[in-house]
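In: Give me coordinates for this.
(chains A, B, C and D)
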Number of protein chains: 2
Amino acid sequence: MPARITTLKELATQLDLSITTVSRALAGHQQIALKTRERVAEAARQAGYVPNTAARTLVSGRSGFVGMVLPIRAPNLVDSFLGEFVTGLGEGLVSHGTDLILAAVAQGQSELSVLRHVVESGRADGVVVTRIAEVDERLAYLRERNFPFVAHGRLLDTDFAYNWLDTDGAHAFGEAFDMLYDLGHRHFGLVTISEPMTFRHLRQDGLAAAITRRGDPSVRLDVATAPRFDRGARIQAINRLLHAAKRPTAIVALFDELALSVMEEAARAGLTIPRDLSVIGFDNIAASAYAPPGLTTFDASIRQCAREIGEMLLTVIGERPAAPLTRLVRPTFVSRASHGPAPTGKN
Amino acid sequence: MPARITTLKELATQLDLSITTVSRALAGHQQIALKTRERVAEAARQAGYVPNTAARTLVSGRSGFVGMVLPIRAPNLVDSFLGEFVTGLGEGLVSHGTDLILAAVAQGQSELSVLRHVVESGRADGVVVTRIAEVDERLAYLRERNFPFVAHGRLLDTDFAYNWLDTDGAHAFGEAFDMLYDLGHRHFGLVTISEPMTFRHLRQDGLAAAITRRGDPSVRLDVATAPRFDRGARIQAINRLLHAAKRPTAIVALFDELALSVMEEAARAGLTIPRDLSVIGFDNIAASAYAPPGLTTFDASIRQCAREIGEMLLTVIGERPAAPLTRLVRPTFVSRASHGPAPTGKN
DNA sequence: ACGTTGATTTAAAACGTTTGCAATTTTCGC
DNA sequence: GCGAAAATTGCAAACGTTTTAAATCAACGT
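Out: Numbers count the residues shown, from 1 in each chain, chains lettered A, B, ... in the order given. Just a heads-up that it's a prediction; the model follows:
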């Protein structure tokens, strides 16, 4: 094994050339004689030379990294979002050799302060922001700072222009309603969360819009709300829905975890799905395929979305487009066995 | 909003001090007068100064990053491993303000070449390696390079000393056998994969060791092997086990995905779990709780393990201990409803 | 042989930080 | 008040790369 060449200077000395020439040769500049370029490339390959990132970043002002703040998670919460998202992002970035930086948030620190640190320290050329809140200081900061970023999700304030990719939850929830309505359902339940996330509104509004569009005054919608991570409160809210004097025949949940809870509670209450109750979720998490009788849901294809986000961000960084890049991805319907015709009169 | 101070020079000018003094003051050197230290700290806070990572890395030789190569994934495969692992790693690293770098592997590139690039470019002070293969060139490279790393998993070659944390699959599989044996089972099935991963051997050996330890010659073990990502072959292998002339009464799967497939195929074959067949998995993925009747398994607590790996790596980087750090984590038994007494004589 | 052009290479500055060493200021015993 | 020691601060080099501006070289027409 030959001694590893670690710096440009060493490589230059070995080749009896100046650092400048070697640097340019490796960068493929036309002004360097072709013969020299080839000679340098070969020597670099042989020596296993890899340019030092820090030095390159320092002088060029570009780190070749894209940053993301690790979402804070409840101690035992498992969901596949992060893994899928990171995998997709990696796939989107790899074409340009851009790596991903993940910064964790320490106890007591704010997510914004970590984001700030990532940006101001020059670690990243751009960042990805997920889980958009109704009032999101991260987006405000990034825009004011004029720092390249792409958000996964939208703000409700449509005047605030920025780069985003979002899953069209509104459309999906409208689709769910239409399908259930056509199956005879008139009394609906929606299980949602109390956290101020924008997707909550978008999806609920999509449902409401579809109801309005249908124009049938006999349609009724009951909404159950609970904090996202409070299992007890969630169960309670679901049971209020299930044990109301008049129970919905179809329940749409903001996302699969909630839908699975609905199915569990329904089973506990002696209801058979989909005979007595139709349930529809959103996200298509792995467990949805296994939970009996199989949850009908919408696939948000996180991985593919993240991949596109990565590509968008590279564009934003490279070209700094004047108009914001936006993209609304329509989720695909995944028909399983948790929905069916509305129960007839009496059971 | 005050104009942002971005460099030490600006800060120094504003304070009418030298760059050196400001740098040292921020680093908390005792030699700088306390009053000065406080004055500098306050000014830096006010101005929102964040040191430039590249410059710092360049001179100090430390990047403050820990690297990891993103595992290559089949296009539609979803598992929660990566998300949990990354979350845990972040938690383990955050105390030292160390961030995580994730490098994706491009089509046609080898994982080793990406790892090499991460190491040689000085992007990271240490790396984490997962999914250890029987012959793992990554470990060989890192050791030869004498680069700090911690592996999640062990090699079979115990002469090769390095830092690792592993889940004690051998113990778990022994435990599973003992429990099933005590429930009357004598005919066992093992569903495993054909990929050359070391955990496959460790777990299978743990099972075999427990059988030997019991010393009952009537115990029989049938092994079904299939490529990890070939769903068809997996189903086939499982069905060979289920439809053999003499069928095992208990099947242990290398990990939960396989166990879930076993449960599906068993149901398809008209078998009731656990009456006709006991099934035990490993990992405790989310779906295991939902798949009827609830999969009995072992929780590998990936997140916690990754957290410890992060902490170990920080130790390795900071202290370069002479003896390798190793840690064997015993998985916890998760008793659900997929196991029970061996079926009696005829059904 | 000699300027001139075009091709090729190089010296040196710059990026923002840390740090060895030296310079300056303060403190204190007498 | 004076000198020495202690406390505090600053100069300048270094990290490895990219890039501007300038130097060198080869070739060519005359």
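In: what ranges do the helices span in chain A?
Out: A:8-15, A:19-27, A:34-47, A:53-60, A:81-93, A:111-120, A:137-145, A:169-182, A:198-214, A:231-242, A:256-268, A:286-290, A:302-319 (DSSP state H).
In: Buried residues of stretch A:93-105, list them for me.
Out: A:93-94, A:98-105 (16 or more other CB atoms under 10 Å in any protein chain shown). The way it works is simple: take the backbone N, C-alpha and C, and place the C-beta from them, glycine included.
In: Distance to DNA strand D and mean pLDDT added to the helices of chain A, as TSV?
Out: Formatted as TSV, those follow (distance: least, CB to the nearest atom of the strand, whole Å; pLDDT from 0 to 100):
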stretch	distance to DNA strand D	mean pLDDT
helix A:8-15	3	94
helix A:19-27	3	96
helix A:34-47	10	94
helix A:53-60	3	97
helix A:81-93	19	96
helix A:111-120	20	97
helix A:137-145	23	96
helix A:169-182	43	98
helix A:198-214	39	98
helix A:231-242	52	96
helix A:256-268	46	97
helix A:286-290	43	95
helix A:302-319	14	97
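In: Packed most tightly, which of these would that be?
Out: helix A:81-93 (a mean of 25; mean count of other CB atoms under 10 Å in any protein chain shown).
In: returning to that earlier point: could you redo the helices of chain A as a markdown table and give each row distance to DNA strand C?
Out: Putting the helices of chain A into a markdown table (distance: least, CB to the nearest atom of the strand, whole Å) gives the following:
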| stretch | distance to DNA strand C |
| --- | --- |
| helix A:8-15 | 7 |
| helix A:19-27 | 4 |
| helix A:34-47 | 4 |
| helix A:53-60 | 3 |
| helix A:81-93 | 24 |
| helix A:111-120 | 9 |
| helix A:137-145 | 16 |
| helix A:169-182 | 42 |
| helix A:198-214 | 36 |
| helix A:231-242 | 45 |
| helix A:256-268 | 44 |
| helix A:286-290 | 45 |
| helix A:302-319 | 18 |
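In: Tell me which of the ones you listed lies nearest to B:Ser261.
Out: If you check each of the helices of chain A against B:Ser261 by CB to CB, helix A:286-290 wins as the nearest, at 10.8 Å.
In: For that closest one, report the contacting residues that lie outside it.
Out: Helix A:286-290 is contacted by residues A:80, A:256, A:259-260, A:281, A:294-295, A:297, A:334, A:336, B:78-80, B:260, B:285-287, B:289-291 when judged by CB atoms under 8 Å, 6 or more residues apart in numbering or on different chains.
In: With only the CA atoms kept, save it in CSV.
Out: C-alpha atoms of helix A:286-290 as CSV (Å, rounded to 0.1, in the frame of the first residue of the first chain):
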residue,chain,number,x,y,z
ALA,A,286,-46.3,-0.3,7.8
ALA,A,287,-48.6,-1.4,10.6
SER,A,288,-51.6,-0.4,8.6
ALA,A,289,-51.2,-3.4,6.4
TYR,A,290,-51.1,-5.8,9.3
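In: what's the span of stretch A:184-204 from first residue to last?
Out: 20 Å (CA to CA, to the nearest Å).
In: Could you give the separation of that stretch from the chain centroid?
Out: 19 Å (CA atoms, centre = their mean, to the nearest Å).
In: Equivalent analysis for stretch A:26-40, please.
Out: Counting by CA atoms, centre = their mean, stretch A:26-40 comes out at 42 Å from the chain centroid.
In: picking up where we left off before, so which of the helices of chain A is nearest A:Gly189?
Out: With CB to CB as the yardstick, what comes closest out of the helices of chain A is helix A:231-242 (4.7 Å).
In: on that earlier part again, dump the buried residues of stretch A:93-105 to CSV, plus distance to B:Thr13.
Out: Shown next, in CSV, are the buried residues of stretch A:93-105 (distance: CB to CB, whole Å):
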residue, distance to B:Thr13
A:Leu93, 38
A:Val94, 42
A:Thr98, 35
A:Asp99, 34
A:Leu100, 36
A:Ile101, 30
A:Leu102, 35
A:Ala103, 30
A:Ala104, 34
A:Val105, 33
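In: how does chain A divide up, domain by domain?
Out: Residue ranges for each domain of chain A read A:8-60, A:65-166+A:303-330, A:169-299, as given by the TED database.
In: Of those domains, give the one that comes closest to B:Leu241.
Out: Checking the domains of chain A against B:Leu241 by CB to CB gives domain A:169-299 as the closest, at 20.6 Å.
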